[in-house]
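coordinates for the following, if possible.
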Amino acid sequence: MNQAAGQIWVQALQLQGAPAAPLDGLRFAVKNNIAVAGCSSGCGNPHWASSAPMELDHAPVVQRLLCAGASCSGTTWMDEFAFGLAGENPWGGSPINPTVEGGIVGGSSSGSAAAVAAGWVPAALGTDTGGSVRVPASWCGLWGWRPSHGLVPSSGVVPLAPSLDVVGLLCSRARVLEQMAAVMAGGFSPARPVRRLLVIPELWTLLDADAAPVLQALQAFLADQLGLELCSLPLSALGLANSDALLNGFCALQWAEIEIALAAIPPDLPVGPTLRANRGLVAERDRSHLPGAQRLRQRLSSALAEELVDAFLLQPVTPGIAPQRGSLALDRQRCRVIPRCLTLNALAGLAGVPEVVMPLAELGGAPLALGLLASRGQDAALLQAAVALEQCG
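Numbers count the residues shown, from 1 in each chain. The predicted model follows:
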């Protein structure tokens, strides 16, 4: 295995799927926090991996894909314990983004995204709490799916923030995304008709200056392609004063759950600087914000569910193209890329609704994506829309 491959793969495998089944011939990779029998769930930390037991069984989501005929090519690197969005792992798993020279892949499903973007496999499993499938999909020009919360089984997956965690998917083609997602979910509810395409103006102001006009030009185009009425939805309609309220509420909820999850890590376990800094943020947070964040989540979820009864929501996934390797500061007060990514990806997590990432634009040859959200359980409608948009080019 060469150096580039070694930054993607934790362990190469040849697990054959069931013959003559619907997904026969498709290969997929698995993020290293999802159980694969005979492998350890190392979670991006080799010291943890060295003491972790070998998994005896596949996670149900892996087993479903194998039973449907897909074959597993291996497990992939990730940000340590899934707590990061850059995809830069100090222990050697910092894969190259083949779509942006010198660019990061994004995380925490970094190896899974890189495996698909580099052409090793057409699909890969990741996990998503605050954007860990969606951000690397955007920065690598991939189709991505964050399912409705609870739709895809999460047993056999190392948790980070259980009320936000989902097992998602990254693919090179929307058609493959739809096919594999249906197997992962065990089937979908029928798609409801949609008549509106909503945009939240405040979220579009978080875009980089050069990316904004490129993505904003797609609003009317996509509404026309999908046959929907383009409508504006202010954050105030969701009970939010501004985008900072959305970010602060998300972080208060996420960090409370992450503190519990990371308590399992021995205090003397060697960890990298990003995880160390993030653990510091969690430990030093103002815990008095949690009750207000819980109330905000209830209001937001109810209001968004009402709006999405007959609508999709279109929004950016990342502020712009993939940043350069090593360019993201550890201090979130100085580096605004990560906070903006978290803000843009907070709605789906807080409300438990599905989102599809669509790589529909470029800036200087680097991919740019948009996210499409639907009401909870309407994953089939989103995936059908993604396939239709891929077919129309």
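
by mean pLDDT, which helix or strand of the protein comes out lowest?
Ranked by mean pLDDT, DSSP states H and E, the weakest helix or strand in the chain is helix 3-6, scoring a mean of 78.

and the next element down the chain from that helix?
Counting by DSSP states H and E, the next helix or strand C-terminal to helix 3-6 is strand 9-15.

list the residues that contact the residue nearest to the spatial centre of the chain.
When CA atoms, centre = their mean is applied to the chain, the residue found nearest the centroid is residue 133 (2.0 Å). Counting by CB atoms under 8 Å, 6 or more residues apart in numbering, residue 133 touches 109, 126, 127, 144, 145, 146, 168, 169, 170, 357. Backbone N, C-alpha and C define where each C-beta goes, glycine included.

and if you look at residue 115?
Residue 115 neighbours (CB under 8 Å, 6+ apart): 8, 9, 29, 73, 76, 121, 124.

in strands, which of the residues you listed appear?
9, 29, 73, 76, 124 (DSSP state E).

for residue 93, state which of those is nearest.
residue 76 (8.1 Å; CB to CB).

and the pLDDT for that closest one?
Turning to residue 76, the model gives it a pLDDT of 98.

a markdown table for the ones in strands among the contacts of residue 115, including neighbour count and distance to residue 50?
Below are the ones in strands among the contacts of residue 115 laid out as a markdown table (neighbours: other CB atoms under 10 Å; distance: CB to CB, whole Å):
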| residue | neighbour count | distance to residue 50 |
| --- | --- | --- |
| 9 | 23 | 17 |
| 29 | 30 | 22 |
| 73 | 20 | 23 |
| 76 | 32 | 18 |
| 124 | 33 | 24 |
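
export these to TSV and tack on distance to residue 154?
Shown next, in TSV, are these (distance: CB to CB, whole Å):
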residue	distance to residue 154
9	23
29	18
73	22
76	18
124	17
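
where's the dip in pLDDT among those residues?
residue 9 (94).

now the residue nearest to the centre of the chain, nearest residue through space, not along the chain?
residue 168 (3.6 Å; CB to CB, 6 or more residues apart in numbering).

what's the next secondary structure element after the one helix or strand the one you found maps to?
For residue 168, the host element (DSSP H and E) is strand 166-171. Following strand 166-171 in sequence order, the next helix or strand is helix 174-185 (DSSP H and E).

that next one to strand 166-171, inter-axis angle?
Computed by axes from the mean of the first three to the mean of the last three CA atoms, to 10 degrees, the angle separating helix 174-185 from strand 166-171 equals 150 degrees.

hang on, the earlier thing: just the closest of the contacts of residue 115 to residue 352, please.
residue 124 (22.9 Å).

tell me what the closest one is bridged to.
Residue 124 has these beta-bridge partners by DSSP bridges: residue 29, residue 170.

quick revisit: nearest to residue 324 among the contacts of residue 115?
Nearest member of these to residue 324, counting by CB to CB, is residue 8, at 19.2 Å.

burial of the closest one, as a residue count?
29 (other CB atoms under 10 Å).

next, the contact list for it, please.
Counting by CB under 8 Å, 6+ apart, residue 8 has contacts 76, 77, 93, 95, 111, 114, 115, 118, 120.

min pLDDT across those residues, which one?
Among these, residue 93 has the lowest pLDDT, at 78.

skip the chain neighbours and tell me the closest residue to that one.
residue 77 (2.8 Å).

residue 193 versus that neighbour, what's the distance?
42 Å (CB to CB, to the nearest Å).

which of the two has more neighbours?
With neighbours defined as other CB under 10 Å, residue 77 and residue 193 compare such that residue 77 has more, 30 against 6.

ok, and the closest non-adjacent residue to residue 28?
residue 123 (4.5 Å).

so how far is residue 203 from that neighbour?
28 Å.

more neighbours, these two?
Between residue 123 and residue 203, counted using other CB under 10 Å, the more crowded position is residue 123 (27 against 22).

how about that one, what does it touch?
Counting by CB under 8 Å, 6+ apart, residue 123 has contacts 26-29, 70, 116, 169-172, 176-177, 180.

which helix is the longest one in the chain?
helix 243-262 (DSSP state H).

contact partners of it?
Contacts of helix 243-262 (CB under 8 Å, 6+ apart): 81, 83, 129-130, 159-164, 202-203, 205-206, 235, 240, 279, 281-283, 285, 287, 289-290, 292-294, 296-297, 300, 339, 342-343, 346-347, 349-350.

6 Å instead, please
Outside helix 243-262, the residues within contact range by CB atoms under 6 Å, 6 or more residues apart in numbering are 159-161, 164, 202, 240, 282, 285, 289-290, 293, 296, 342-343, 346.
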